[in-house]
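1. Make a model of this:
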Amino acid sequence: MTSITQSGPDRQDGFGLEDESQILNSVERWLERDVRPHVRALEHDDVYPHEMVEQMKALGLFGATISQDYGGLGLSATTYARIVQKVSEAWMSLAGIFNSHLIMAACVQRHGDEAQKQALLPRFAAGEVRGGLALTEPDCGTDLQAIRTRAARDGDHYVINGTKTWISNGIHGQAFAVLVKTDPHAEPRHRGMSLFIAEKGPGFRVSRKLEKIGYKGIDSAELIFEDYRVSKDALIGGEGRGLAVTLGGLELGRINVAARGCGIAKSALDAAVRYSQVRRTFGKPIHQHQAIQLKLAEMAIRTEAAVALTYNAARAYDRGQRCDMEAGMAKYAASEAAVANSLDAMRIHGAYGYSTEFDIERLYRDAPLLCIGEGTNELQKIIIARQLVERNPI
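-> Here you go, the predicted model:
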């Protein structure tokens, strides 16, 4: 199997090489024993992997980046990215189940007060309460400042009304970081936005499951808030700071998406290399044909470049640096590598790549989501360009 090397990270989590190796080995054993044999059936039938979720709880993945002070593993973003890559090589949907959850946790850990951290983070880390990020609305995706969901103050509570859509973990999750307008007339618009941790209850319901061409198994849903009352104590970071809190969490989310892209790109590359060694045409293995060699080389270069950018972004995050540009670069490069490699792998496999009996068609369906999720790739290029100018003033 093709080996993609990775340079050693700057460790900020108290974990050494031996600890990291043990964690990664445990994840790899779990994937080989309990995930890979069942992926094809669960994915094709779009079945939520309840048993695997319980296993992820036991492995501590729902607390991967949550501080040990609150019951989590306290892993660095670099170690976390390696876990996400390994999981995504087997089945990308599993990485999505704990990614959205950990973005929500990161918002609390970075911007919540101590009472909020004590109340929420241990439950998040144990997987007792799982959830995600509720940002997108039917008429609002990339332009988060255009959200319409409203939270009106009523004494010690806020009353939320609105709709969120394409929310990962929407059906099986219990709590969500919900971005709302507390002052719809504020200028600039972001000053009227706030973020709440909302647990399901009266006035908060799932309206429907959303069907997708890929990214099966994980539940994507539409959430409805109808006079949903939430305590003021659930407000994270204070009124008017919702967008800033959210964008900070999305740095980790984009590193996760980049690591998922690395996983899919590498999985497609490995499958293509294996197949090229056993498939023969015109009297020789197809890897001896120049046309196939060119594709394999391009796939390997894309994968290596994506891995390098992803771990560069993760190390910047671990150092506490602003890393929206680095995360944007990684997310863009890795997601595009995943799309290109999945298509090249399909073409190398020929008819078998188009068959549901092989994994290539799943990679081909899963990869495009990465170019859309956590901010479109077009948005990433705008972020990168703006940061280049800001960091290099005349």
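
2. which one in the chain is furthest away from the centre?
-> Residue farthest from the centre of the chain, counting by CA atoms, centre = their mean, is residue 283 at 44.0 Å.

3. separation between that residue and residue 104?
-> Going from residue 283 to residue 104 by CB to CB, to the nearest Å gives 57 Å. C-beta coordinates here come from the backbone N, C-alpha and C atoms, glycine included.

4. Then residue 189?
-> For residue 189 relative to residue 104 (CB to CB), the value is 23 Å.

5. The two: who's more crowded?
-> residue 104 (29 against 17; other CB atoms under 10 Å).

6. quick check, that one in a helix?
-> Yes - counting by DSSP: H, G, I helix; E, B strand; the rest coil, residue 104 falls inside a helix.

7. Just list the residues touching it, thanks.
-> Applying CB atoms under 8 Å, 6 or more residues apart in numbering to residue 104 gives the contacts 124, 131-133, 175-177, 197, 249.

8. Now do the strands in the stretch 101-250 of the chain.
-> Assigned by DSSP state E, counting those that start in this stretch, the strands in the stretch 101-250 of the chain fall at 131-134, 150-154, 157-168, 175-181, 193-199, 204-209, 220-231.

9. What residues of the lowest-mean-pLDDT helix or strand in the chain count as buried?
-> Lowest by mean pLDDT, DSSP states H and E among the helices and strands of the chain is helix 17-30, with a mean of 86. Buried residues in helix 17-30, counted by 16 or more other CB atoms under 10 Å: 20, 23, 27, 30.

10. Max pairwise distance over those: which two?
-> Using CB to CB, the two most remote members of these are 20 and 30, lying 15.9 Å apart.

11. Now do the helix of greatest length in the chain and strand 150-154, the angle between them.
-> As assigned by DSSP state H, the longest helix anywhere in the chain is helix 242-278. Between the axis of helix 242-278 and that of strand 150-154 there is an angle of 140 degrees, by axes from the mean of the first three to the mean of the last three CA atoms, to 10 degrees.

12. Show the average pLDDT along the following helix or strand past helix 242-278.
-> On the C-terminal side of helix 242-278, the closest following helix or strand by DSSP states H and E is strand 280-281. Across strand 280-281, the average pLDDT comes to 95.

13. Tell me how far strand 280-281 lies from the chain's centre.
-> Relative to the mean C-alpha coordinate of its chain, strand 280-281 is positioned 39 Å out (CA atoms, centre = their mean, to the nearest Å).

14. where are the low-confidence patches of the stretch 151-300 of the chain?
-> For the stretch 151-300 of the chain, no stretch is flagged by pLDDT under 70.

15. 90 instead, please
-> Along the stretch 151-300 of the chain, segments meeting pLDDT under 90 span 247-251.

16. Quick check: residue 195 touching residue 181?
-> No - using CB atoms under 8 Å, residue 195 makes no contact with residue 181, being 11.2 Å away.

17. So the two - more neighbours on which side?
-> Taking neighbours as other CB under 10 Å, residue 195 and residue 181 compare with residue 195 leading, 32 against 21.

18. which one is the more buried one nearest to, not counting chain neighbours?
-> Nearest residue to residue 195, sequence neighbours excluded (CB to CB, 6 or more residues apart in numbering): residue 242, at 3.9 Å.

19. Would you tell me what helix or strand residue 388 is located in?
-> helix 377-391.

20. Only the buried residues of that helix, if you could.
-> 377, 379-380, 383-384, 387.

21. Now those in a markdown table, please, with extra columns for pLDDT and distance to residue 120.
-> Converted to a markdown table, these look like this (pLDDT from 0 to 100; distance: CB to CB, whole Å):
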| residue | pLDDT | distance to residue 120 |
| --- | --- | --- |
| 377 | 95 | 32 |
| 379 | 92 | 29 |
| 380 | 94 | 30 |
| 383 | 93 | 29 |
| 384 | 96 | 33 |
| 387 | 94 | 31 |
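
22. Closest to residue 212 out of these?
-> Using CB to CB, the buried residues of helix 377-391 come closest to residue 212 at residue 377, 18.4 Å.
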